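here is a sequence together with a model predicted from it:
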Amino acid sequence: RDVYKRQRLAGADRPRQLRSLTVLRSAVEPAAAGLAAALATPEQCAALTRHALGMVETSRGQQLDSYLVHDTAFHRVILNASGNEMFARLGDVVAEVLTGRTHHHVMFTDPDPAAVTLHVRVAEAVRERDAARAEELTREITVGAMAELDVLAP
């Protein structure tokens with residue numbers, strides 16, 4: 001299935017596929033972040049912070065492959081920490097979207113600094129058990145991802 005997704009993201013229909021998968025992310029990830037704020041273990045909170053800081057560390061100087069490692073891991077932790085096994089299963093879908101955006105140059109040469117900051121704030125909100133804030137900030141991330149698609153893959 002992952003190969004099939006990758007092939008579709010590599011094809012001529014890439015903008016539509018990325019948009020469709022980003023809409024799915026937009027529907028699921030904010031809810032997952034809210035749940036994660038209530039349910040995340042100390043280890044998951046630490047992992048979120050570690051990956052958010054990894055994103056900061058690799059966000060300049062065109063280090064997109066290194067950034068992608070932290071970005072993908074960050075979103076997997078959110079989905080897993082939600083405690084919902086169906087959300088957790090979407091980790092591969094989110095990873096494919098993030099990888100597809102990076103490998104097919106459907107993002108800027110360096111990540112949007114505001115988006116990087118939002119990830120740090122999501123990690124803080126989850127650690128502080130502020131579900132409403134975690135959900136709101138994650139919604140901002142997904143709205144920003146859709147806006148980037150509108151610019152880079154209309």
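Great, that's in hand. What you are looking at is a predicted structure, and each value in this text was computed from that prediction instead of being measured.

the helix or strand encompassing Val120 - contacts with which helices or strands?
Using DSSP states H and E, Val120 falls within helix 113-127. Packed against helix 113-127 by the contact rule (3 or more CB pairs under 8 Å, 6 or more residues apart in numbering; DSSP states H and E) you find helix 14-39, helix 42-57, helix 64-81, helix 131-152. C-beta coordinates here come from the backbone N, C-alpha and C atoms, glycine included.

name the residues of the first one that are buried.
Going back to what we said before, that points to helix 14-39. 14-15, 17-19, 21-22, 25-26, 28-37, 39 (16 or more other CB atoms under 10 Å).

same check, this time on the last one
With burial defined by 16+ other CB under 10 Å, the residues of helix 131-152 counted as buried are 131, 133-142, 145, 148-149.

just checking, what packs against that helix?
Partner elements for helix 131-152 (3+ CB pairs under 8 Å, 6+ apart): helix 14-39, helix 113-127.

quick check: angle from that helix to helix 14-39?
Counting by axes from the mean of the first three to the mean of the last three CA atoms, to 10 degrees, helix 131-152 lies at 170 degrees to helix 14-39.

not counting helix 131-152 itself, show me its contacts.
Here helix 131-152 makes contact (CB atoms under 8 Å, 6 or more residues apart in numbering) with 15, 18-19, 22-23, 25-26, 29-38, 78, 101, 105-108, 112, 114-115, 118-119, 121-122, 125-126.

next one: the shortest one
Residues from elsewhere that reach helix 42-57, judged by CB under 8 Å, 6+ apart: 36, 40, 66-67, 69-71, 73-74, 77-78, 80-81, 111, 116, 119-120, 122-124, 126-127.

thanks again, I'm all set now.
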